[in-house]
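Participant: What follows is a predicted structure for the sequence shown.
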Amino acid sequence: MWNKDEIRGKADQAKGKAKENIGKMTDDERLRDEGAAQQGAGKAEEVIGKGRRQVGNAIKDLGDKVGH
């Protein structure tokens, strides 16, 4: 199950892609660059979220093993 960071990261990537495409269509370099940056930040946030989820799962698995 995705966590908040992963969801926000995916949303930021989608918004960034839209901005980048609009910037390309309107020849707006600032908007295009802003979109590309937002996509990068969204990807980083998604990766952090995945890492947190994996750590949480590992801790849960360890707790399950210790509890038995």
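Facilitator: Yep, it's here.
Participant: what is the rounded mean pLDDT of the lengthiest helix in the chain?
Facilitator: For the chain, the helix that runs over the most residues, judged by DSSP state H, is helix 29-67. What helix 29-67 shows for mean pLDDT is 93.
Participant: K43 touches G16, doesn't it?
Facilitator: No. The criterion here is C-beta atoms under 8 Å, and K43 misses it with G16 at 9.0 Å. Bear in mind the C-beta positions are built from the backbone N, C-alpha and C, glycine included.
Participant: Please say which of these two ends up with more neighbours.
Facilitator: Of the pair K43 and G16, G16 is the one with more neighbours under other C-beta atoms under 10 Å, namely 20 against 15.
Participant: Pretty sure the more buried one sits against D33.
Facilitator: No. Taking contacts as C-beta under 8 Å, G16 lies outside contact range of D33: 10.4 Å.
Participant: chain center to the longest helix of the chain, what's the gap?
Facilitator: Counting by C-alpha atoms, centre = their mean, to the nearest Å, helix 29-67 is centred 6 Å from the centre of its parent chain.
Participant: mind listing what's buried in it?
Facilitator: Residues of helix 29-67 classed as buried: 31-32, 35, 38-39, 42, 45-46, 49 (neighbour count, 16 or more other C-beta atoms under 10 Å).
Participant: Stretch 3-13 now?
Facilitator: Quick answer for stretch 3-13 (16+ other C-beta under 10 Å): 5-6, 8-10, 12-13.
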